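Colleague: Quick check, what structure comes out for this input:
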Amino acid sequence: MGTQSKNCTAERGVSLVEVMVGVVIFMVTFTMIVSSVVSAGNSSRRAEMRAIAVEAALSKADEIRTTPLEQLCSTYGPTGTKGDTFKIEGADGDAATGKIRVIVDETLTDAQIGAEFGMPRDLDGDNLATNTNVATTALALPVLVEVTWAYPNEKAEVYKVPVVVLRTD
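Modeller: You can find the predicted model right below:
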């Protein structure tokens, strides 16, 4: 009986190997959970930033649609009263920028502009698409509203809103 009682008492404790295996399993599980939480947080921030940028572009496009055609360049041109860039409210620091491009050159194609307007390029109604500056004679002007935003260590994202402003008089 003496040998049996020695074996029974030896099996009652937990070995160091078993403790280490348990700690490793716990750490792997904990790391996976933390990684999932961080990933979900990053996805949430990305979605929020995208929503802010898209809303800013659509809001600026609506503002431009209500601007009379003859005031587009003087308002949204590089030296215009509002300028050709805009701040994206709610964006983190300089992570997002807004740009407005009033197209006055009717010789440019959609590919050259970088957006699909799907319209003829005779902007001044002279049955030719040869004028490189129709700012004062145009019957319609395409305007490209573009927002760009980036996340740390990632490629920037771009959202474009093509707008066409027509002469109303």
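Colleague: For the one helix or strand Ser59 maps to, name the packing helices and strands.
Modeller: Element membership for Ser59 (DSSP states H and E) is helix 16-65. Packed against helix 16-65, as judged by 3 or more C-beta pairs under 8 Å, 6 or more residues apart in numbering; DSSP states H and E, are the following elements: strand 96-102, strand 140-149, strand 157-166. (C-beta placed from N, C-alpha, C; glycine too.)
Colleague: Give me the angle between the second one and strand 96-102.
Modeller: If I follow you right, that is strand 140-149. With axes from the mean of the first three to the mean of the last three C-alpha atoms, to 10 degrees as the basis, strand 140-149 and strand 96-102 are set at 170 degrees to each other.
Colleague: thinking again about what came up before, and the helices and strands packed on helix 16-65 as TSV, adding mean pLDDT, mean neighbour count and distance to Val37?
Modeller: Written out in TSV, the entries for the helices and strands packed on helix 16-65 read as follows (pLDDT from 0 to 100; neighbours: other C-beta atoms under 10 Å; distance: least, C-beta to C-beta, whole Å):
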stretch	mean pLDDT	mean neighbour count	distance to Val37
strand 96-102	93	21	25
strand 140-149	94	21	24
strand 157-166	93	17	24
